[in-house]
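Participant: Starting from these lines, generate the structure:
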Amino acid sequence: MDTAEKKTKVFSMVTTTANNKSEWIYTVNHRNSFYRLQRIVAYVLRFCQKQNRKPTAQLELEELDQARRVIIKQIQETGFAHELRHLRKRPDQALDRKSTVATLPLILDEHSIIRVETRLQQAPVSTETRNLYLLPYNDPVVKMMLRKLHEDNLHCGHEALRGIARQQYHIIKVNSMIRNVIQGCVVCAKYRPQFFKQVMGDLPEHRVSQNRPFLNAGVDYCGPFWIHHKVRGKRTDKAYIAVFLCFATKAVHLELVGDLSTSSFVGALQRFIGRRGRCQILYCNSATNFVGANNQLKELTDTIHSETAAGSIKEFCNQKGVQFKFIPPRSPQSLDGYVRVVDVKTARGTYKRTIHKLAPLLRETATKRKIEADDTESNSQEDPGIEDTAEPESK
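Facilitator: The predicted structure follows:
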């Protein structure tokens, strides 16, 4: 008979000895996971107690809780060694004033773990909530515990994580540690991106030059505004506002326009020149910030930006000695955005508060005399666009 060959298995084990007995917890290969560290300690305790040594046996909840208590105890022996010796030898005496926890009501439980008494001794809550575990500041294992609470509670914020942690632990400088944990979370960092901060360019020449008001200005439209007449059966009329902005002083001049015709815009420009004087350069913002739907935007485009309307406006400006410039849309390098949206919004809000006064203003604008810059043109024709929308006042 052939002798049965005996197969032997050789196991190798590496053991390390720490200088301090409480530092062995920091030598465990936990891969930056507190749950993994807790399971490793639970298996070590099972092996030491000689119970259920089967490698396939699942850990019980009591074993995980016992492992968590052992971890906390080892952390306290490293961070609060002096306080532990004092509480074991002289529990009735106060701690040294130099201690960071001298003002806290500390006690030792049945497992020789330092706890902090709270004011919830009569509350129907668990013992861990009445007496919190004391944990030191800037400990790597404590950071892993906070990170686990942060991930288990759906990556909650600073205040929520602090409230959850204080249900079981009293951590020294907890706000600083929570801030460090949240800032180091990769998932939270992805949903909290740092946007690129664009450097502001230099101010244009017209913005920094000392000139009289409205020597260099820009114009933009806002509207429409619906004017309701106090006449039964009278249909409501639409009106617009031409916003003229001075580049040097940021002053705003508002002109009421009856419709979107070219003649109405020229009339508003005549009244503006008559009131504020001639402009050297007048910019028109041709971006898509003209308020309204597509049909209104098309009407405004046909009013000012069409070839026929642009020719008429430039011809009138040339007669007045005003250089009229159309700016390409969305081009800040071409002085776009001079007529700010905030000025248009401010003008719109102001007129909305006094919308009931727009109808008399519209009628008054249609009948008032146009003030011209040149004395020779003082008796020019009135604006036909506004005259069409005028309605005599009912008696």
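
Participant: need the strands for the chain, in chain order.
Facilitator: For the chain, the strands defined by DSSP state E cover 106-108, 114-117, 131-135, 169-171, 216-227, 237-246, 252-257, 281-285, 323-327.

Participant: Near V199, how many other residues are there?
Facilitator: V199 has 5 neighbours, counted by other C-beta atoms under 10 Å. The C-beta positions use only the backbone N, C-alpha and C, and glycine is treated the same way.

Participant: now do the one 4 residues further on
Facilitator: Residues contacting L203 under the criterion other C-beta under 10 Å number 10.

Participant: how close does it get to K250?
Facilitator: Distance, L203 to K250, using C-beta to C-beta, to the nearest Å: 12 Å.

Participant: what does L282 give?
Facilitator: Taking C-beta to C-beta, one finds L282 at 16 Å from K250.

Participant: So between those two, which is more surrounded?
Facilitator: Using other C-beta under 10 Å as the criterion, L282 and K250 rank with L282 on top: 22 against 11.

Participant: wait, that one sits on Q323?
Facilitator: Yes. With contacts counted by C-beta atoms under 8 Å, L282 reaches Q323, the gap being 7.0 Å.

Participant: Mind pulling up the pLDDT for the residue lying closest to Q66 once chain neighbours are set aside?
Facilitator: Distances taken as C-beta to C-beta, 6 or more residues apart in numbering place L45 nearest to Q66, at 6.2 Å, with adjacent residues excluded. L45 carries a pLDDT value of 87.

Participant: count of neighbours near L45?
Facilitator: 15.

Participant: Could I get the full set of helices for the stretch 1-150 of the chain?
Facilitator: Ranges of helices in the stretch 1-150 of the chain, per DSSP state H, counting those that start in this stretch, are 34-49, 61-79, 81-89, 127-130, 140-152.

Participant: export the ones you listed to a markdown table and tack on distance to D237?
Facilitator: Output for the helices of the stretch 1-150 of the chain, formatted as a markdown table (distance: least, C-beta to C-beta, whole Å):
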| stretch | distance to D237 |
| --- | --- |
| helix 34-49 | 72 |
| helix 61-79 | 77 |
| helix 81-89 | 83 |
| helix 127-130 | 70 |
| helix 140-152 | 61 |
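
Participant: hang on, the earlier thing: out of the strands of the chain, which gets the lowest mean score?
Facilitator: Across these, strand 323-327 has the smallest mean pLDDT, namely a mean of 69.

Participant: rewinding a little: verify the stated contact: the residue nearest to Q66 with R69.
Facilitator: No. In this structure L45 lies outside contact range of R69 using C-beta under 8 Å: 10.1 Å.

Participant: Give me the domain ranges for the protein.
Facilitator: Residue ranges for the domains of the chain, per automatic domain parsing: 16-79, 206-389.

Participant: Out of those, which gets the lowest mean score?
Facilitator: Minimum mean pLDDT among the domains of the chain: domain 206-389, a mean of 65.

Participant: Which positions in stretch 264-280 come out as buried?
Facilitator: By neighbour count on 16 or more other C-beta atoms under 10 Å, the buried set for stretch 264-280 is 264-274, 276, 278-279.

Participant: Quick check: closest non-adjacent residue to A94.
Facilitator: Nearest residue to A94, sequence neighbours excluded (C-beta to C-beta, 6+ apart): A102, at 7.2 Å.
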